[in-house]
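**Student:** Next comes the sequence, and after it the predicted model I'd like to discuss.
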Amino acid sequence: SVMVSLAEVWRSVGVVPSAVVGHSQGEIAAACVAGALSLGDAARLVVARGGPIRRVLAGRGGMVSVGCSAGEAEVLVGRWGGRLVVAAVNGPRSCAVSGELAALAELTAWCEGVGVRVSRVAIEYASHSPQVEAVREDVAEALAFVEPRACGVGVYSTVTGGLVGGEELGGGYWFENLRRPVDFAGAVGSLLGDGYRLFVECGAHPVLGLGLRGVVEEAGVEAGVVG
């Protein structure tokens, strides 16, 4: 609600998006802002997807943010033998790890011990991890109503890391959005490669700017990033 509303506030003063990118569930808001989803379908999608998550996944896992590269994160989670996975790559040195609660506690303690930045993400399940497979059928059934449509605003996917057509954003896509790692850095890299140079984060508490600026710096271009 906040993200879609803020996008409308920006539009009311003449700042109109030529492309959108969303992080995890924020991709639903981005698709709505782009016109790929109606406001009704987008709101219903959030609620419908949340039902299976609460019933099946809540309390079984969680996520932490870690200040390291994607390669370092892959090596790090390997210490826990499949109990943890890299859930998101937000920037050159900003990742999220998802998995079992006990393993996350061990990872957090290890990071704190060696001085690696780490913080708990406010979520009660292991999003973007193999645990999500437990709700595949339930989510597919719950999201059968979604009717995506073509749109005139570019939608850059954090599932694929690149541009997708609005008509591709059906129920199956939104399960993959929940299951697969969030390639935010890849999607921003694609936007930069296509010439986009001004990014406005529409959120009540903008948190992606640091990672986004890191991608911009790594690409060696000049771009504006505002909350």
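**Tutor:** Right, received. Where do you want to start? Numbering: from 1, shown residues only.

**Student:** Give me the pLDDT for A204.
**Tutor:** The confidence metric pLDDT takes the value 85 at A204.

**Student:** burial measure for it, as a count.
**Tutor:** The number of residues packed around A204, counting by other C-beta atoms under 10 Å, is 10. Placement of C-beta: from N, CA and C, glycine included.

**Student:** Same question for the one 3 residues further on.
**Tutor:** Using other C-beta under 10 Å, V207 has 13 other residues around it.

**Student:** Same check on A58?
**Tutor:** Residues lying near A58 (other C-beta under 10 Å) number 12.

**Student:** all strands in the protein, in order from the N-terminus.
**Tutor:** Counting by DSSP state E, the chain forms strands over residues 19-21, 61-66, 84-91, 94-100, 118-120, 154-156, 163-164, 198-200, 224-226, given from the N-terminal end onward.

**Student:** Any chance of CSV for the ones you listed, columns mean pLDDT?
**Tutor:** Listed next are the strands of the chain as CSV, based on pLDDT from 0 to 100:
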stretch, mean pLDDT
strand 19-21, 98
strand 61-66, 98
strand 84-91, 98
strand 94-100, 97
strand 118-120, 96
strand 154-156, 97
strand 163-164, 97
strand 198-200, 96
strand 224-226, 95
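
**Student:** can I get those in CSV with distance to P130 and mean neighbour count?
**Tutor:** As requested, the strands of the chain are exported to CSV (distance: least, C-beta to C-beta, whole Å; neighbours: other C-beta atoms under 10 Å):
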stretch, distance to P130, mean neighbour count
strand 19-21, 25, 22
strand 61-66, 10, 22
strand 84-91, 7, 24
strand 94-100, 9, 26
strand 118-120, 20, 14
strand 154-156, 26, 23
strand 163-164, 24, 17
strand 198-200, 32, 15
strand 224-226, 33, 13
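
**Student:** Can you add distance to E217 and give those strands back as CSV?
**Tutor:** Written out in CSV, the entries for these read as follows (distance: least, C-beta to C-beta, whole Å):
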stretch, distance to E217
strand 19-21, 18
strand 61-66, 19
strand 84-91, 9
strand 94-100, 12
strand 118-120, 22
strand 154-156, 19
strand 163-164, 23
strand 198-200, 13
strand 224-226, 11
